[in-house]
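S.K.: Have a look at this prediction, sequence included:
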Amino acid sequence: MITRNQLSMADIFSDCQDILDLDKPHFLDLLENHINLDKIVPASFREHFYASTGRARKYSLESMLWALILQRIFSIPTDTMLLTFLHYSHHLRQFCGFDKVPDPSKITRFKQDFCDDLQVVFDRLVDLTEPICRQIDPEKAAMSVFDSTGIEVYVKENNPTFLNTMIHGLKAFAKAKGPGGSFNPYKAAYARMPSRAEAEPQAKQQYVNGHFCYAIKAGIVSNGLGIPGAVELYDDEYFAAHPDIVREKKSDSPDEDKSVGDNKLLIPTLKDFFKKHPLIQPKAFPGDSAFDAIETYKALLTGDSFGKDRHFSKAFIPLNSRATPMKTDYTVNDAGIPCCPNDPELPMKPEGNTSHLRCGIPTFKFVCPKMTWDKGEDGKYRRVCHCGNPCTTSKSGRMIYIYPERNLRMYPGAIRDTDEWNQTYRIRGSVERTINHFKNSCCLDGRRTRNPKTLHADLLLCGITQLITVLLADSIHQHQHIRSLKKLVA
């Protein structure tokens, strides 16, 4: 006989609740169990958010933050699409704590009103993740890598139709002049493009990722693991706070413009970074040839810029072809290695970084390339030069000592074209991968906004998402996911 039990509304609700809990995505469970925003968000942010405005907040601070973080984790490109996801996903609404999905204007106002508070959250996460990075790889964690990029804004000048319309009109003009003219409509069109966007003057014409566009410049400092430590938007507000940065007009070369700009932004960005995080001790700076300037080496390798005992010991920056290497009584190749006096094409052999002087000044020692260590009759090994045309009467051959302090550009704490140099310089690409992650995975590129405050908030939220990724990967003991959680989301 089949027994029948009468179901109550409480039983039905309990069964539905169990089904929802069991069907909850595993990734949301990981975030809920391992990430506590209460310990991350500072009290100043809460006081600012919940300040008396005459009416109570309809949406909590944690709800707004989680929604914007999940937007970047799931690579949701627009705020409108994020709200659509929240409308149709019970799990996302429940996780964020939304009883009702907010309006798009709420998202925008949150970014603009609390951009400075998001900066404080980002800086706090940097301090929380720095010990994790040192635990994973101490050498890469002690590196600082800087690069800049441009965030395209939503203006008519970035629409291809704007340029194509101009080219079409100039082609008609060239056709009216008849054949044989030297008029180039494409060159004339680019020359007529304005230097700033009409709707947002802070968006300037830049050469980004192989094409001209109207963008606001941004900079990112990451360690050798590709984990961001500083994100800056170089808008008018930033330059007002740094009046020492001199901005110049465009030159004829877009690549030269980028190098000049990056070189001037590097030191102020690093100064702010180290001031906010006094426990981070820099050791090595891998950078591209845009930073190859004598003033940059002095700022990086001496304690004048960042304070006492706060400077890099090595800078891995390739020589730029626009400068000339140092010349002495012997020949020095492009890598800064002295060559044999009798054969300018034969580089001498480096024999380590030594300090043979009583004053302790570090030196680089180079020996004759035809010198070998031979065993003598007494059983001891000594240097013996086997050159048929020796340039010195010494049996050990010619030895040259280089003093890096006299030329930091040629000898920035390391010898060029060595295994150490080549292996360390490859790490410079980590910051480029971070920028690519921000623009593509976190959908920073293609944002339909032109407001610098909103763009700055979006940039900070990309950094916050990346650092929360580090905390989650460390909590579940999967350090291979510190840069991306895509596999966990799948």
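M.R.: Alright, I've got the coordinates.

S.K.: for stretch 174-188, how far is the first residue from the last?
M.R.: In stretch 174-188, first residue to last residue: 11 Å (Cα to Cα, to the nearest Å).

S.K.: Residues contacting it from elsewhere in the structure, which ones?
M.R.: Residues outside stretch 174-188 that contact it (Cβ atoms under 8 Å, 6 or more residues apart in numbering) are 167, 170-171, 173. Using the backbone N, CA and C atoms, a C-beta is placed for each residue, glycine as well.

S.K.: Identify those among those residues that sit within helices.
M.R.: 167, 170-171, 173 (DSSP state H).

S.K.: pLDDT-wise, what's the bottom of the residues you listed?
M.R.: Sorting the ones in helices among the contacts of stretch 174-188 by pLDDT puts F173 at the bottom of the list (77).

S.K.: residue boundaries of the strands in the stretch 201-350 of the chain?
M.R.: Chain-ordered strands for the stretch 201-350 of the chain, with DSSP state E, counting those that start in this stretch as the definition, fall at 204-208, 211-222, 228-233, 284-286, 314-316, 339-340, 343-347, 349-354.

S.K.: what sits up against the fourth one?
M.R.: In this structure, residues lying in contact with strand 284-286 by Cβ under 8 Å, 6+ apart are 139, 142-146, 224, 300, 312-317, 424-425, 427-428.

S.K.: change it to 7 Å
M.R.: With contact meaning Cβ atoms under 7 Å, 6 or more residues apart in numbering, strand 284-286 is reached by 142-145, 300, 312, 314-316, 424-425, 427-428.

S.K.: same deal with stretch 417-428?
M.R.: 140, 143, 145, 224, 284, 286-288, 316, 335, 337, 350, 414-415.

S.K.: So for it, what gets flagged as buried?
M.R.: By 16 or more other Cβ atoms under 10 Å, the buried positions in stretch 417-428 come out as 421, 424-425, 427-428.

S.K.: same question for the strand or helix carrying Q112, mean pLDDT?
M.R.: According to DSSP states H and E, Q112 maps onto helix 104-113. For helix 104-113, mean pLDDT rounds to 94.

S.K.: Which strands and helices lie in contact with that helix?
M.R.: When contacts are defined as 3 or more Cβ pairs under 7 Å, 6 or more residues apart in numbering; DSSP states H and E, helix 104-113 sits against helix 79-88, helix 452-475.

S.K.: Disregarding residues adjacent in the polypeptide, which is nearest to K365?
M.R.: E351 (4.5 Å; Cβ to Cβ, 6 or more residues apart in numbering).

S.K.: Can you verify my assumption that I227 contacts T129?
M.R.: Yes: when contacts are counted by Cβ atoms under 7 Å, I227 is listed as touching T129 (6.3 Å).

S.K.: list the residues that contact both of these two?
M.R.: Joint contacts of I227 and T129 (Cβ under 7 Å, 6+ apart) are V470.

S.K.: on that earlier part again, which of the contacts of strand 284-286 fall within helices?
M.R.: Reading helices off the contacts of strand 284-286 with DSSP H, I get 300, 424-425.

S.K.: Tabulate those residues (CSV), appending distance to K100.
M.R.: Formatted as CSV, the ones in helices among the contacts of strand 284-286 follow (distance: Cβ to Cβ, whole Å):
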residue, distance to K100
L300, 52
T424, 52
Y425, 52
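
S.K.: Include distance to Q112 and pLDDT when you put those residues into JSON lines, please.
M.R.: Below are the ones in helices among the contacts of strand 284-286 laid out as JSON lines (distance: Cβ to Cβ, whole Å; pLDDT from 0 to 100):
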{"residue": "L300", "distance to Q112": "36", "pLDDT": "90"}
{"residue": "T424", "distance to Q112": "41", "pLDDT": "91"}
{"residue": "Y425", "distance to Q112": "40", "pLDDT": "90"}
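
S.K.: Tell me the one of those nearest L270?
M.R.: For the ones in helices among the contacts of strand 284-286, the residue nearest L270 by Cβ to Cβ is L300; the value is 8.1 Å.

S.K.: For the closest one, list the residues it contacts.
M.R.: L300 neighbours (Cβ under 7 Å, 6+ apart): 285, 311-312, 315.

S.K.: shaky segments in this protein?
M.R.: Scanning the chain for pLDDT under 70 picks out 1-24, 178-181, 248-260, 303, 308, 321-329, 352-362, 403-406, 488-490.

S.K.: can you give me the helices for the stretch 201-350 of the chain?
M.R.: Secondary structure of the stretch 201-350 of the chain (DSSP state H, counting those that start in this stretch): helices at 236-241, 254-276, 294-301.

S.K.: Which of the ones you listed sits closest to P160?
M.R.: Among those, the nearest to P160 by Cβ to Cβ is helix 254-276 (18.5 Å).

S.K.: Pull out the buried positions in stretch 35-48.
M.R.: Quick answer for stretch 35-48 (16+ other Cβ under 10 Å): 35, 40-41, 45.

S.K.: Could you tell me the end-to-end distance of that stretch?
M.R.: First-to-last residue span, stretch 35-48, Cα to Cα: 22 Å.

S.K.: just to revisit the earlier point, and L408, which of the strands of the stretch 201-350 of the chain is closest to it?
M.R.: strand 314-316 (8.0 Å).

S.K.: right, and P318 touches S289 too?
M.R.: Yes: using Cβ under 7 Å, P318 is in contact with S289, at 4.6 Å.

S.K.: neighbour-wise, which of those two wins?
M.R.: P318 (18 against 13; other Cβ atoms under 10 Å).

S.K.: quick one, phi/psi of the more buried one?
M.R.: phi -70, psi 150 (degrees, to the nearest 10).
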